[in-house]
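**Student:** how would this look folded up:
(one chain, ligands or ions: 1)
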Amino acid sequence: MSEIGKTVLVTGAAAGIGAGIAERFSEAGYSVAAFDIDGAGATRMAERLRAHAPAIAIQGDVAVEENAREAVTKTVRDLGSLDVLVNNAGIEVSGSVSDLTPTAWDRQIAVNLRGAYLMSKYAVEQMRGRGGAIIHISSVHAFVSWQGIAAYDATKAGLLGLTRAMALDHGPEKIRVNAICPGYIDTPLMERWLASVPDREETMRQVLSYHPLGRIGTPRDIGEAALFLASDAASFVSGAFLVVDGAMSVAGH
Ligand SMILES: NC(=O)c1ccc[n+]([C@@H]2O[C@H](COP(=O)([O-])OP(=O)(O)OC[C@H]3O[C@@H](n4cnc5c(N)ncnc54)[C@H](O)[C@@H]3O)[C@@H](O)[C@H]2O)c1
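**Tutor:** Down below sits the predicted model:
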């Protein structure tokens with residue numbers, strides 16, 4: 001089935017993986033609602049996307065209920081429907097449980113987990129009965145951990161629990177729910193991390209050595225995976241976790 005006339009709402013669409021997802025869906029003919037806390041970034045993205053298909057920008061914080069509800073309402077009002085939701089917006093707060101303040105913990109959970117819950121809650125209202133697809137951007141950190149990102153890892157594992165629960169609850173309403181677990185992807189988030197390590201070149205060499213495919217991922221790699229999960233080609237895929245990491249995690253990293 002053609003994607004022309006279908007609509008996707010992508011959170012965190014102004015940069016990184018969300019931008020890659022928004023661009024890939026737009027190229028495929030989807031109308032795109034680009035939702036981001038960075039309103040100017042979302043506006044620039046929507047302007048770029050209009051080269052392919054209709055697009056709107058929405059400024060807001062996924063963790064704020066009113067913003068999440070309005071994002072869904074505005075998507076349906078301005079673009080005509082909501083067929084696909086991609087819960088991509090996320091932050092990475094550093095620290096072990098000893099280091100993390102309760103405030104930092106709460107913000108990590110609010111953006112990565114409460115945000116996905118809120119967006120899904122209002123998206124399901126629109127998709128119920130007519131069908132739809134919801135994709136959570138989790139991480140290989142749902143399965144493997146590194147030192148010093150305890151709260152982040154908890155949210156990414158939590159998103160897989162949410163995927164399972166939503167696939168069960170909303171399958172009868174013809175809503176498919178899946179998760180993508182990316183590995184290292186070249187984004188501003190990764191740039192910020194590289195800027196914080198003592199030896200950037202050495203760290204990058206090490207990171208590349210973890211990847212049997214010899215490269216790290218691109219936002220477009222995740223866009224392709226999301227487009228598949230949203231498409232009719234995946235009409236029997238729900239409750240699944242798609243690892244997109246160039247075999248890094250099976251190599252033991
Ligand atoms: N980059 C990686 O290697 C990697 C790996 C695995 C998973 N992920 C996940 O992919 C997602 C995107 O990561 P990225 O690397 O593109 O990050 P990024 O920081 O490069 O971009 C994130 C985007 O989300 C927006 N955003 C942040 N908080 C928001 C909020 N509260 N409400 C709305 N928008 C918000 C930012 O403004 C930004 O545009 C995250 O969930 C992240 O955990 C990233």
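**Student:** Kindly report the residues of the stretch 101-250 of the chain close to the ligand.
**Tutor:** Neighbours of the ligand within the stretch 101-250 of the chain, by Cβ under 6 Å from any ligand atom: 111, 115, 137, 139, 182, 184, 185, 187, 188, 189, 190. The way it works is simple: take the backbone N, C-alpha and C, and place the C-beta from them, glycine included.
**Student:** Filter those residues down to just the buried residues.
**Tutor:** For these, a burial check counting by 16 or more other Cβ atoms under 10 Å picks out 111, 115, 137, 139, 182, 184, 185, 187, 189, 190.
**Student:** Need the max-distance pair from those.
**Tutor:** The most widely separated members of these, counting by Cβ to Cβ, are 115 and 184 (22.6 Å).
**Student:** And the strands in the stretch 101-250 of the chain, which stretches?
**Tutor:** 132-137, 175-182, 241-244 (DSSP state E, counting those that start in this stretch).
**Student:** where's residue 82 relative to the ligand, distance?
**Tutor:** Distance, residue 82 to the ligand, by Cβ to the nearest ligand atom, to the nearest Å: 17 Å.
**Student:** Any buried residues in stretch 148-159, and which?
**Tutor:** Here stretch 148-159 shows 149, 150, 151, 152, 153, 154, 155, 156, 157, 158, 159 as buried, counting by 16+ other Cβ under 10 Å.
**Student:** Just name the closest of these to residue 77, please.
**Tutor:** Of all the buried residues of stretch 148-159, residue 77 sits closest to residue 159, with 28.0 Å by Cβ to Cβ.
**Student:** contacting residues for the residue positioned nearest the centre of the chain?
**Tutor:** The centroid of the chain falls nearest to residue 88 when counting by Cα atoms, centre = their mean (1.9 Å). Counting by Cβ atoms under 8 Å, 6 or more residues apart in numbering, residue 88 touches 10, 11, 12, 13, 17, 18, 21, 137.
**Student:** Let's see which of those residues end up in helices.
**Tutor:** Per DSSP state H, helices hold the following members of those: 17, 18, 21.
**Student:** surely the first one meets residue 182?
**Tutor:** Yes - contact status for residue 17 versus residue 182: in contact at 6.7 Å, counting by Cβ atoms under 8 Å.
**Student:** tell me, what's touching these two both at once?
**Tutor:** Counting by Cβ under 8 Å, 6+ apart, the contacts common to residue 17 and residue 182 are 137, 222.
**Student:** if we can go back for a sec, redo the residues of the stretch 101-250 of the chain next to the ligand as a markdown table? Include pLDDT.
**Tutor:** Output for those, formatted as a markdown table (pLDDT from 0 to 100):
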| residue | pLDDT |
| --- | --- |
| 111 | 98 |
| 115 | 99 |
| 137 | 99 |
| 139 | 98 |
| 182 | 98 |
| 184 | 96 |
| 185 | 98 |
| 187 | 98 |
| 188 | 96 |
| 189 | 94 |
| 190 | 93 |
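**Student:** farthest-separated two in these?
**Tutor:** 115 and 184 (22.6 Å).
**Student:** mind saving the C-alpha coords of stretch 213-232 as CSV?
**Tutor:** Once non-C-alpha atoms are left out, stretch 213-232 reads as follows in CSV (Å, rounded to 0.1, in the frame of the first residue of the first chain):
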residue,chain,number,x,y,z
LEU,A,213,30.4,-4.2,10.1
GLY,A,214,33.2,-1.7,10.5
ARG,A,215,31.1,1.5,11.0
ILE,A,216,28.7,3.1,13.5
GLY,A,217,25.1,3.7,12.5
THR,A,218,23.4,6.7,10.9
PRO,A,219,20.1,8.3,11.7
ARG,A,220,18.9,7.0,8.3
ASP,A,221,19.7,3.4,9.3
ILE,A,222,17.1,3.9,12.1
GLY,A,223,14.7,5.7,9.7
GLU,A,224,14.8,2.6,7.4
ALA,A,225,14.0,0.3,10.3
ALA,A,226,11.1,2.5,11.5
LEU,A,227,9.7,2.8,8.0
PHE,A,228,9.6,-1.0,7.8
LEU,A,229,7.9,-1.4,11.1
ALA,A,230,5.3,1.2,10.2
SER,A,231,4.6,-0.4,6.8
ASP,A,232,2.2,-3.0,5.7
